[in-house]
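Enquirer: Need a 3D model of the following:
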Amino acid sequence: ALLSLCCSGDQGSLRPDMTGGPADGSDGEEAERCPICLGALAGGELAMPDSCCHVFCLGCLLTWAEVSYLAQSDGSP
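Expert: Predicted coordinates:
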């Protein structure tokens, strides 16, 4: 099942997304690769932030969220 990263709050939480496909409904090539690592999205754990309709590898998005949270907590931009 697709997972979505809920960006409300400082640490966020995971919730199931029952759409089962790309967020924009397209079957385009861009929706088939993670924009961060460029790895194939098919068959892997996926995540989508509430703030946009892009789909990422779960690991890539969790790493981004952790780095973003740490940067906010130490006052970095």
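
Enquirer: alpha carbons only for contacts and neighbour counts from here, please
Expert: Fine.

Enquirer: Same question for whatever helix or strand Val67 lives in: list its buried residues.
Expert: Take DSSP states H and E as the rule and Val67 turns out to sit in helix 58-73. Neighbour-count burial for helix 58-73, counted by 16 or more other Cα atoms under 10 Å, picks out Leu58, Leu61, Leu62, Ala65.

Enquirer: got it, and stretch 43-51?
Expert: Leu46, Ala47, Met48, Pro49.

Enquirer: I'd like the mean pLDDT over the helix holding Val67, please.
Expert: Helix 58-73 shows an average pLDDT of 87 in the prediction.

Enquirer: that older thread, of the buried residues of stretch 43-51, closest to Tyr69?
Expert: Pro49 (14.4 Å; Cα to Cα).

Enquirer: so the closest one bridges to which residues?
Expert: Here Pro49 sits in beta bridges with Leu5, as judged by DSSP bridges.

Enquirer: Can you name the residues that contact Leu70?
Expert: Applying Cα atoms under 8 Å, 6 or more residues apart in numbering, we find Leu70 in contact with no residue.

Enquirer: circling back: looking at the buried residues of stretch 43-51, spot the one nearest Leu38.
Expert: Checking those against Leu38 with Cα to Cα, the nearest one is Leu46 at 13.1 Å.

Enquirer: So the closest one sits against Cys57, correct?
Expert: Yes: if you go by Cα atoms under 8 Å, Leu46 and Cys57 touch, sitting 4.8 Å apart.

Enquirer: remind me which residues of this structure are low pLDDT?
Expert: By pLDDT under 70, the weakly predicted segments of the chain are 1-31, 75-77.

Enquirer: Apply 50 and report the result again.
Expert: Low-confidence segments of the chain, defined by pLDDT under 50: 1-25, 31.

Enquirer: Can you give me the end-to-end span of stretch 46-60?
Expert: Its first and final residues considered, stretch 46-60 spans 9 Å by Cα to Cα, to the nearest Å.
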